[in-house]
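Colleague: Dropping a prediction and its sequence here:
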Amino acid sequence: MKLFAIVALLVAASALPAAAQDQVDEIIVTGSRAIEWDPDDVPVIQLERRADNLVVAVRVVNDTRDAPGRRNEITQTLRAMARAAAGRADIDLSIEDDGTLVPLTEDMVSTLTLGMDPGRSDTSVASLVVKTPIRAGDTLDAASERIEAFVEGIDPVGRSLADVSGDWQLTVINPAQYRAPILAAISADARATSATFGEGYAVEVEGLSNRVTWRQSGPLDLALFVPYKMTVTPRR
């Protein structure tokens, strides 16, 4: 999966509602804050779990001749999308800010700055992120079909068009919450390793101050870990 670019709906953090600023971070796994890891460099202890949500970029464009008309039609389309999402438990709209998702509400639509199509000066563009929770029995096809059905069910206003315009990606909510169980698993592994080598050896673990990071381990699955190194040395 490649990193998709969110090229419109640029909103300053200060302009966001307080509730949006105070939310727990939801991180796009393959977004700008993700780290690529060589499999040989990934530590042994990892916490395997399903991702929280499946997300994709949706592009809304409008080529109505006059600029006020374009903005009105695309804004009405975005409001319709926000209303439709608000009435569903399995669909949410967001904008992306440095790999973090910020919920998009109907009230926020009027504050958004629309982009322009690079090849057409008379075409306005807006990009947002549509997400759906990943259920226990979901496949990638089942989860992605929910988003596709939502987008196809939108009735665009005027000359507006909305379509999926990015790669399917995963998110994890508040990855720091998994730090304690990861460290507990590392500690248990260190004790087991020490017992295996016997009283003449000690186990040293470095890097436990590192933050929790992640990688995609399956179509809808993640491996979370703290980058660390463990060595076995003779006791002094």
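Modeller: Arrived safely, thanks for sending.

Colleague: Number of residues surrounding residue 27?
Modeller: Summarising burial for residue 27: neighbours were counted as other Cβ atoms under 10 Å, giving 22. For every residue, glycine as well, the C-beta is placed using N, CA and C.

Colleague: gap between the closest residue to it other than its chain neighbours and residue 49?
Modeller: Distance criterion Cβ to Cβ, 6 or more residues apart in numbering; nearest residue to residue 27, sequence neighbours excluded, is residue 172 at 5.5 Å. The gap separating residue 172 from residue 49 is 8 Å, by Cβ to Cβ, to the nearest Å.

Colleague: In contact with residue 228, which residues are there?
Modeller: 43, 45, 186, 205, 206, 207, 208, 210 (Cβ atoms under 8 Å, 6 or more residues apart in numbering).

Colleague: what's the overlap in contacts for residue 172 and residue 49?
Modeller: With Cβ under 8 Å, 6+ apart, residue 172 and residue 49 have common neighbours 222, 224.

Colleague: These two: which is more packed in?
Modeller: residue 172 (21 against 14).

Colleague: Kindly provide the distance from the more buried one to residue 228.
Modeller: 19 Å.

Colleague: Output the below-cut-off pLDDT ranges for this structure.
Modeller: Scanning the chain for pLDDT under 70 picks out the ranges 1-24, 30-40.

Colleague: could you redo the last one with a cut-off of 90?
Modeller: By pLDDT under 90, the low-scoring segments of the chain are 1-42, 65, 67, 87, 95-127, 165-166, 199, 215-217, 235-236.

Colleague: which residues in the chain form helices?
Modeller: 18-21, 67-86, 140-152, 179-197 (DSSP state H).

Colleague: Those: which one's closest to residue 99?
Modeller: helix 18-21 (15.6 Å; Cβ to Cβ).

Colleague: mind giving me the domain split of the chain?
Modeller: If you go by automatic domain parsing, the domain ranges for the chain are 13-36+51-173, 175-234.

Colleague: Of these, flag the one that's most buried.
Modeller: domain 13-36+51-173 (a mean of 17; mean count of other Cβ atoms under 10 Å).

Colleague: next one: that one to chain centre, how far?
Modeller: Centroid separation between domain 13-36+51-173 and its chain, computed with Cα atoms, centre = their mean, to the nearest Å, is 12 Å.

Colleague: Paired strands for the lengthiest strand in the chain, with orientation please.
Modeller: For the chain, the strand with the greatest residue count under DSSP state E is strand 120-133. Its sheet considered, strand 120-133 pairs with strand 53-62 (antiparallel), strand 92-97 (antiparallel), strand 115-117 (antiparallel) by DSSP bridges.

Colleague: Out of those strands, which is closest to residue 140?
Modeller: Per Cβ to Cβ, nearest to residue 140 of those: strand 53-62, 7.5 Å.

Colleague: and the spatially most central residue of the chain, what are its bridge partners?
Modeller: The residue lying closest to the centre of the chain (Cα atoms, centre = their mean) is residue 28, at 2.2 Å. Following DSSP bridges, residue 28 is listed with bridge partners residue 171.

Colleague: quick one: contacts for it?
Modeller: Going by Cβ under 8 Å, 6+ apart, residue 28 touches 34, 55, 96, 99, 100, 101, 169, 170, 171.
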